[in-house]
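Q: My questions are about this predicted structure, shown below with the sequence.
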Amino acid sequence: MTPSDLLRAKLNLETARLAWPELERHFARGVVVHVRPGSDLVEVALAMAENRVPQIETWLADGTLARPDMDDAQRWHDAQQVFWGVVVAPWVLVQEAAGPDGKTSPA
């Protein structure tokens with residue numbers, strides 16, 4: 001097993017469901033990074049932990065990764081959005097979790 005495999009397994013174990021109220025203070029600190037639904041949250045976390053700058057820059061450019069703004073925060077607050085999240089210090093990576101209807105909140 002490679003060091004990347006071990007780190008991937010560790011990040012997978014540290015991934016948890018979080019409600020928006022649990023993330024608000026992190027959003028206020030500016031450390032939340034949104035991972036587009038459909039992307040592999042653990043793979044993104046692994047790339048960040050391994051400091052794969054070219055890949056991260058590509059994801060920032062294509063919208064796979066983004067810093068949420070006040071409109072996002074308001075939408076998530078209104079929807080009482082639930083997320084999958086993982087910490088890659090100092091960042092908190094989040095991705096909308098599907099609701100009971102199988103859909104995430106509207107973007």
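A: Okay, I see it. Here the structure is a predicted model, which is why all the values come from computation and not from measurement.
Q: Run through who's touching stretch 17-29.
A: Residues from elsewhere that reach stretch 17-29 (C-beta atoms under 8 Å, 6 or more residues apart in numbering): 32, 68, 73, 76-77, 79-85, 92, 94, 97. For the C-beta atoms, the positions are set from N, CA and C on the backbone; glycine is no exception.
Q: Give the rounded mean pLDDT of it.
A: Mean per-residue pLDDT for stretch 17-29: 96.
Q: Kindly report the same for stretch 34-44.
A: 97.
Q: repeat for stretch 94-101
A: Summarised as a single mean, pLDDT over stretch 94-101 is 77.
Q: go on, stretch 76-84?
A: The average pLDDT for stretch 76-84 rounds to 96.
Q: Okay, buried residues for that stretch please.
A: 76, 81-84 (16 or more other C-beta atoms under 10 Å).
Q: and what of stretch 8-23?
A: For stretch 8-23, the neighbour count (16+ other C-beta under 10 Å) marks 8, 11, 15, 18, 20, 23 as buried.
Q: just stretch 58-65 next, same as before
A: Here stretch 58-65 shows 59, 64-65 as buried, counting by 16+ other C-beta under 10 Å.
Q: Show me which of the buried residues of stretch 76-84 is closest to L46.
A: Distance to L46 across the buried residues of stretch 76-84 (C-beta to C-beta) is lowest for W84, with 14.6 Å.
Q: host element of that closest one?
A: strand 82-88 (DSSP states H and E).
Q: Just checking, which helix or strand succeeds that strand along the chain?
A: Later in the chain than strand 82-88, the nearest helix or strand by DSSP H and E is strand 91-96.
Q: ok, back up a step: so which of the buried residues of stretch 76-84 is the closest to D40?
A: Proximity of the buried residues of stretch 76-84 to D40, judged by C-beta to C-beta, is greatest for W84, which lies at 10.8 Å.
Q: how much space between that closest one and T2?
A: For W84, the distance to T2 (C-beta to C-beta, to the nearest Å) stands at 24 Å.
Q: mean confidence for the lengthiest helix in the chain?
A: In terms of residue count, the longest helix belonging to the chain (DSSP state H) is helix 3-14. Averaging pLDDT along helix 3-14 gives 96.
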